[in-house]
Structures are given as structure tokens and as C-alpha cells.
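**Q** need coordinates for the below:
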Amino acid sequence: MKLLNLRLYNFRPFYGEHGLSFAKTADRNITVIHGNNGSGKTALLNAFTWALYERFTAALASPDQLVNRRALAEAAEQEAVPCWVEVAFDHDGKQYRVRRSCQAFKRGDEVNQSTSQVEMQFVGDDGRWSTLPAAKNPDDVVGRMLPKSLHQYFFFDGERIEQLVRTDNRAEIAEATQKLLGVKVLDNAIKHLNAARKTLEDELSSIGDAETKSLLAQRREKESARDALEARQEEIDQELTHQATLKQEYNLRLGESGEFELQRRRMEQLSEQERELRDRLQEAKKILKQAISNRGYTVFLPSVIEKFRAIVQDKEERGELPADVKPKFVQDLLECQRCICGTELHPGTSHRKAVETWLQKTGLADVQSTLYRLEGWVNQQDDQQEDFWRQVDQEQATINHCKQKLSQIETDLEDLRDQLRTSPREDIRQLQERIDEVDRKSEDLILEKGRNQERVAVLSTEVTQLRKQVRDRKQNQGRQKLALQRIEAAQEAIDRLKELKQNQDILFRQELQDTLSALYGEISFKAYIPRISEKYELNLVERVGNQEVLVGASTGENQILSLSFIGSVVERIRQWSENKLVMGPDSSTFPLVMDSPFGSLDEIYRRQVAKLLPGLADQLIVMASKTQWRGEVEDEMLARIGREYVLIYNSPKDEVQGDMMQIGGETYPLIRQSPDEFEFTEIVEVHRHG
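**A** Residues are numbered from 1 along each chain as shown. Predicted structure coming up:
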């Protein structure tokens with residue numbers, strides 16, 4: 001999707017009709033819209049989301065009041081006041097126009113607004129504009145190009161973009177990301193195939209014998225139980241994330257109390273030591289397990305080695321070892337038909353037969369070679385066994401040390417918690433009680449999750465066994481055989497799609513992680529690491545020892561993380577779409593429309609973000625205030641600007657203090673006195689000279 005222009009009529013602060021055209025060439029792909037706070041930048045952002053998706057951002061006040069107030073004031077009683085927004089765009093070489101409209105009616109002091117209506121036009125193969133047939137829904141057509149659930153990626157409020165990383169938004173964002181990547185397409189395919197398989201099983205149950213019906217009923221029951229447990233596992237994961245966020249919040253509030261600063265620092269030190277010790281404990285157990293797996297067999301070798309050495313010694317005492325004659329030497333004599341003493345060795349002669357008898361004896365030379373190789377290996381096993389026991393003792397000592405230290409740390413932490421629980425300050429006691437409650441809930445959830453995992457594994461095994469029993473039953477009737485074949489085909493397709501989904505998910509998430517890390521690293525100067533979880537949840541961590549710890553990031557850092565995430569998603573989808581690797585939106589061209597993307601950033605971050613943004617999308621529309629734009633942002637983006645506009649706010653306030661902006665050597669008003677008692681905003685295009 002490439003945006004062409006935006007037209008508005010009586011929408012929010014824009015009185016009458018206004019229009020903007022957008023930059024769309026590769027070298028000049030930026031459209032900049034300047035405006036002070038309150039002049040209509042957020043309204044413009046919502047003009048896009050309302051027209052295309054009938055959605056509004058959280059920053060838009062009174063979303064049920066879309067019609068311009070001046071237009072309403074000038075209208076007669078009961079007169080319909082129209083309001084509409086039209087977005088024109090290009091998709092896959094075809095032009096479209098989407099117009100969403102509504103009306104408002106004034107009844108005394110009340111204003112009633114109608115429900116919105118949407119229509120779409122497109123350029124047909126004959127080059128003429130045509131209206132989308134009534135049987136087709138414009139929302140569905142737009143949704144196939146850029147789904148509604150994904151619009152916050154491409155039309156977003158920069159000052160609130162950091163909310164992408166909020167816990168209560170993660171499930172929605174993860175869902176949208178998976179849909180954009182095409183993972184949800186596979187989920188839906190699996191879901192539909194499961195439904196089809198169950199329908200086929202119902203058919204087989206209705207025509208099968210009693211045993212088949214019983215097996216199918218058992219399988220259905222166990223599948224339902226497994227599905228319920230898997231759904232519960234997702235709920236547990238969400239609740240654990242929520243509890244972790246609560247604990248982090250309570251600890252931060254606890255740390256704000258200066259009176260308990262020493263205890264807080266001590267608890268942080270002990271918690272860090274605890275994490276490091278648990279890492280060492282896990283590593284020691286892992287090393288011990290590997291040692292037992294790789295060299296544990298050496299413990300059982302001494303008796304076998306003793307027998308081997310006895311066999312070798314016996315052969316040496318009997319003169320069978322070492323062997324004096326090599327097989328090849330005897331074979332060469334026979335082929336030459338001449339002994340080393342000069343005697344002819346013609347076939348059938350007694351001399352040849354005498355030499356041939358040495359072939360039987362020379363077989364011991366091969367045995368000797370093998371025995372000597374084994375003897376060398378056996379001698380090494382003595383050293384291996386000593387090394388094995390030495391390593392076992394060392395790792396066991398590490399494990400015991402870690403356990404003792406952990407026990408002491410847990411005791412010290414509990415003592416500090418007791419001090420907080422018995423604090424004379426009620427707020428401190430309450431915070432610690434909440435932390436204790438979070439810990440109890442988290443522990444219960446983790447235990448439940450473990451039990452559920454075991455039960456899911458058992459049920460999956462039982463389902464597989466029942467499936468095999470149904471498949472192995474001899475079906476007498478042709479209809480039964482056909483139904484069973486269809487069930488097996490559906491199940492085979494489900495299994496293959498699950499495997500494809502897993503492989504695709506791992507590949508996409510890793511590539512997305514790599515791109516995110518690269519983008520974030522280009523902007524941030526801190527040693528924080530962005531992480532995308534298996535559920536596509538976004539976090540910022542830092543490495544402390546061998547442990548990755550969640551970071552209590554600032555608003556600016558979360559904004560950078562969110563911008564980097566959006567940029568990485570757009571970049572990867574663009575690449576995957578071009579390579580036909582995704583089953584998401586049918587497009588490799590995406591716009592980014594951003595309201596105030598520099599709001600919470602300092603000078604260094606503003607420059608880095610401004611440098612990076614033009615490369616994140618094929619088309620960029622940036623709305624910024626004068627203070628956000630000037631300086632480093634303008635320096636980095638100026639060469640890529642293709643279109644530029646100014647929002648002029650007309651204030652009805654008496655003796656309003658005006659504001660102006662210098663752009664390309666020209667002065668443009670940002671705030672000025674309204675000619676009447678109404679406030680409204682005008683859109684003026686900027687024409688830079690040279």
C-alpha cells in the first residue's frame with residue numbers, strides 16, 4: 001500500500017475541505033506536517049485510521065464528536081452537516097479511494113451524530129473509476145491489504161508508542177505480529193482442518209462398528225481434555241507475566257522509600273548472588289550429566305580390561321604373538337612362484353604347499369595389529385577413569401557449595417523480608433505483603449504449569465495410540481474405508497502444517513530478533529538487549545553475569561524499543577514478501593504515518609531515530625511540532641523530503657500570542673487570531689526554494 005493523498009471535509013478542527021498529497025518516490029519518500037500541540041496532528045492521524053478502519057488512537061479526545069464545530073454552529077436546526085475523510089492509495093499497481101462519512105444534526109444544545117458509512121472506488125482495467133459492488137465490503141478489501149489488527153504498526157502516536165511494551169498490550173501486539181508474519185494463517189488452517197477431521201470422525205462413528213465408535217469417542221474426550229489444558233497453559237503464561245510486572249512495580253515503589261535504602265540494596269545484592277549461584281548450579285549439573293553420559297562407562301571397564309590383558313599375555317606366552325610373517329609377504333612369494341631361498345614354487349609342488357601353510361599363521365598378524373590398537377586405547381582408559389572421577393568430585397563439590405550458599409542467601413533474604421513485614425510503616429508492610437502474595441501465586445502457577453505439561457504429554461501419547469488403533473482396525477464397508485482415509489489425510493495435513501508452523505515460526509522470530517537487535521543497537525548507546533519471546537512479546541533486558549534481567553526502562557528507552565520493533569517488523573515483512581516467504585498481507589510496500597515520534601527523546605536519540613526512520617518504510621509521513629523538528633531532526637531528514645505542510649491553528653482567544661516557523665527561507669504562521677469566534681485549522685503546503 002502506498003498512500004497518494006488525503007482529503008477531509010468538516011473533520012474535527014478542519015473546517016470545509018482540505019487536502020494533502022504525499023511524497024512517494026524512492027529518493028524523496030518523506031512527507032512532513034508541521035504543527036503545534038493542539039493544532040490537529042492527532043486529528044490527521046485519526047483521519048487515516050477512521051477512514052480505513054473506523055478506529056481511533058487513545059490520544060483522540062471525544063471520538064464520538066467528529067463533525068467540525070464551526071460547521072455545526074453555522075447550520076440551521078435539524079440541518080444535516082456532512083463530514084468525511086477520503087484516502088487515496090495505490091496497491092499492487094491499482095489505485096483505490098476509500099471514503100468514510102457521517103452526518104451530525106443540531107437539536108437545540110444537543111448534537112447527534114449518525115453512524116458512519118464507507119464506500120470504495122477503484123480504477124478498473126479500462127482505466128476508469130468504478131465503485132465497489134454493494135455485495136463486497138470495503139473494510140474486507142482494505143483488511144486484505146493491511147489488516148485492521150495491524151494498523152497500530154503503521155499509523156501510530158509516537159508519544160504513546162512506548163505502550164507497545166506494556167504488559168496489558170502484549171497479547172494483542174503478539175497476535176497482530178503473528179498475523180502480519182503469516183503465522184496466524186497456518187493457525188487458522190490447522191483449526192479448520194481439525195474441524196473437518198472431527199466432522200469426518202462423526203461420519204465414521206455413524207457408520208462404523210461399536211469398537212470404532214468407542215475408540216473415536218475416547219479419542220475425542222482425550223483431545224478435549226488436552227485442548228483445555230493447553231488453553232489453561234496460555235492463561236498461566238499470561239498470569240505469570242502479569243505477576244512479574246506487579247512484583248517489579250512493587251519493588252520499585254519499595255525502593256523509593258529512603259528509610260529502607262540499605263535493606264533494598266542488600267536485597268538486590270543477595271538476589272543477584274542468588275541468580276549467579278543458580279546459574280552456576282545449573283551449569284555444574286549440566287557438566288556432571290555430560291560427563292556421566294560421555295565417560296561414565298569407564299567405571300565398568302576394569303574387569304573387562306583385565307580379561308583382555310590376560311588374553312594378550314596368553315598368546316604371547318604361546319608364541320602366537322608377536323607374528324613374524326606378514327600376509328602380504330607370503331602372498332607375494334606365491335605370486336612370483338619363487339621363495340626367498342631361490343626355490344621354485346610351482347603349483348602342486350611340495351615346496352609351494354609348505355609356503356602356503358604360512359598363510360594360516362600370518363592371520364595372527366591382523367590379530368596382532370588389532371590387539372595393539374586396543375591395547376593403546378585400553379591404556380588411555382586408565383587415565384580417562386581418573387579424569388572422570390576427578391571431574392565428578394569437582395562438580396559435586398561445586399553443587400554442594402552452591403546449595404549451601406543458596407540456603408544461606410535464602411535465609412538472609414527471608415530475614416530482610418521479615419524486617420519489611422514488621423516495619424512500623426504501614427505502606428512498607430503492605431508492599432511486602434503484596435510481594436509475598438505475588439511470589440505465592442507465581443509458585444502455585446509454576447507448579448500447576450508443570451503438572452499440566454506432564455498431563456498434556458500423557459494425553460498426546462494416548463491420542464496417538466487411539467488414532468493408531470482406529471487406523472489398524474479392518475473396515476468392512478467401502479464407506480468406512482473412505483471415511484478413515486479422509487480422516488488420515490486430514491490428520492497428516494494437520495501434522496505437516498504444525499511442523500511447518502514451528503519451523504517457520506523459529507526462522508521468522510530469529511530473523512526478526514536479529515533485525516531488531518541491529519536497529520536498536522544503531523539508536524541506543526546503552527548495553528540493553530531487546531528480546532522477542534516465543535509468544536512475540538517485547539522486552540528489554542541487560543546481562544548481569546550469566547543472567548538476563550528485565551530492565552526498568554524509561555519512557556524514552558521504551559519508545560526507542562517500540563520504534564525499533566516496528567521498523568524491524570516492517571523491514572522483515574518487506575523482505576519476506578519480496579521472497580514469497582510469508583502468507584500475511586499481500587504487499588511488500590508499507591507506509592509509516594507517525595504523530596510526534598520524537599516527543600520523549602533527547603538530542604542524541606532524536607538524531608539517531610531521524611537518521612534511521614527514512615529507511616524503515618517505503619513511505620514516511622511525519623507529524624512534528626516546531627521544537628521536535630528543528631535541529632538534528634531537520635538535518636537528518638531534509639534531503640529526503642518530498643512534500644511538506646504546515647497546520648495553521650486559528651484561535652478565537654482574545655489577544656492570542658501568535659507563533660511562526662521559518663521553513664526554507666519563508667515564514668509560516670503556526671498560531672494566529674481567528675477571524676470569528678470559532679477555532680479551526682488550515683493546511684498550507686510548503687514550497688522550499690532551491
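**Q** pretty sure T589 sits in a strand.
**A** No. Counting by DSSP: H, G, I helix; E, B strand; the rest coil, T589 falls outside a strand, being coil.
**Q** so it sits against D618, correct?
**A** Yes. Because the distance of 4.8 Å satisfies CB atoms under 8 Å, T589 is recorded as touching D618. Just so you know, the C-beta spots here come from the backbone N, C-alpha and C atoms, and that holds for glycine as well.
**Q** now do the shared contacts for the two.
**A** Between them, T589 and D618 share these contacting residues under CB atoms under 8 Å, 6 or more residues apart in numbering: 2, 574.
**Q** I621 and L3 touch, don't they?
**A** Yes. Applying CB under 8 Å as the test, I621 and L3 come out as touching, 7.1 Å apart.
**Q** any residues in contact with both of those two?
**A** Residues within reach of I621 and of L3 at once, by CB under 8 Å, 6+ apart, are 22, 591, 593.
**Q** any idea how far P13 is from the last one?
**A** Looking back up the chat, that one is V593. 18 Å (CB to CB, to the nearest Å).
**Q** quick one, what contacts the nearest residue to L60 once chain neighbours are set aside?
**A** Excluding its sequence neighbours, the residue lying closest to L60 (CB to CB, 6 or more residues apart in numbering) is N46, at 4.9 Å. By CB under 8 Å, 6+ apart, N46 lies in contact with 12, 56-57, 60, 63.
**Q** ok, now with 7 Å
**A** The contact partners of N46, by CB atoms under 7 Å, 6 or more residues apart in numbering, come to 56-57, 60.
**Q** repeat for K222
**A** 459, 462-463.
**Q** quick check: of these, which has the highest neighbour count?
**A** Counting neighbours by other CB atoms under 10 Å, L459 leads those with 20 neighbours.
**Q** hang on, that residue in a strand?
**A** No. Assessed with three-state DSSP, L459 is helix; it does not lie in a strand.
**Q** distance of it from K449?
**A** From L459 to K449 the distance is 15 Å (CB to CB).
**Q** give me the number of residues near the closest residue to M623 other than its chain neighbours?
**A** Distances taken as CB to CB, 6+ apart put K41 closest to M623, at 4.0 Å, once the chain neighbours are dropped. Per other CB under 10 Å, the neighbour tally for K41 reads 24.
**Q** so who does K41 touch?
**A** 33, 35, 595-596, 623, 647.
**Q** return the backbone torsion pair for it.
**A** Per-residue torsions, K41: phi -60, psi -50 (degrees, to the nearest 10).
**Q** hmm, who's touching stretch 114-127?
**A** With CB under 7 Å, 6+ apart, stretch 114-127 has contacts from 54, 94-103, 129-132, 138-139, 141.
**Q** so which of these belong to helices?
**A** Those of the contacts of stretch 114-127 mapping onto helices are 138-139, 141, per DSSP state H.
**Q** most neighbours out of these, which is it?
**A** Neighbour max across those (other CB under 10 Å) = P138, 22 neighbours.
**Q** which non-adjacent residue is nearest it?
**A** Counting by CB to CB, 6+ apart, P138 lies nearest to M120, which is 3.8 Å off, once chain neighbours are set aside.
**Q** helix/strand/coil for that neighbour?
**A** Going by three-state DSSP: M120 is strand.
**Q** and it, how many neighbours?
**A** That count, for M120 with other CB under 10 Å as the rule, works out to 19.
**Q** pLDDT score for it?
**A** M120 carries a pLDDT score of 94 in this model.
**Q** pairing partners for it in the sheet, please.
**A** Under DSSP bridges, the beta-bridge partners of M120 are V98.
**Q** ok, now how distant is it from P147?
**A** Taken as CB to CB, the span from M120 to P147 is 16 Å.
**Q** separation between S130 and E119?
**A** S130 is 12 Å from E119, by CB to CB.
**Q** between those two, which has more neighbouring residues?
**A** Neighbours were counted for S130 and for E119 using other CB under 10 Å; E119 has more, 15 against 12.
**Q** re earlier: buried ones among the contacts of stretch 114-127?
**A** 96-103, 132, 138-139 (16 or more other CB atoms under 10 Å).
**Q** hmm, which two among those are most spread apart?
**A** Y96 and Q103 (23.8 Å; CB to CB).
**Q** V470 contacts L216, correct?
**A** Yes. At 6.4 Å, V470 counts as touching L216 under the criterion of CB atoms under 7 Å.
**Q** would you map the helices across the stretch 351-500 of the chain?
**A** Read by DSSP state H, counting those that start in this stretch, the stretch 351-500 of the chain holds these helices, from start to end of the chain: 426-472, 478-523.
**Q** okay, the ones you listed in a markdown table with mean pLDDT and distance to H18 next?
**A** Converted to a markdown table, the helices of the stretch 351-500 of the chain look like this (pLDDT from 0 to 100; distance: least, CB to CB, whole Å):
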| stretch | mean pLDDT | distance to H18 |
| --- | --- | --- |
| helix 426-472 | 87 | 52 |
| helix 478-523 | 84 | 34 |
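**Q** pick the most deeply packed of the ones you listed.
**A** Each of the helices of the stretch 351-500 of the chain was scored by mean neighbour count; the highest is helix 478-523, a mean of 16, by mean count of other CB atoms under 10 Å.
**Q** can you list the strands that the helix or strand following it pairs with?
**A** Per DSSP states H and E, the first helix or strand lying C-terminal to helix 478-523 is strand 529-532. Here strand 529-532 has these sheet partners by DSSP bridges: strand 538-544 (antiparallel).
**Q** what comes into contact with the partner strand?
**A** 164-165, 272, 527-533, 548-551, 553, 557, 561, 565.
**Q** what do you get for stretch 598-614?
**A** With contact meaning CB under 7 Å, 6+ apart, stretch 598-614 is reached by 29-30, 158-159, 519, 522-523, 525, 555-556, 559-560, 563, 567, 597, 620, 624, 628, 632-633, 636-637, 640.
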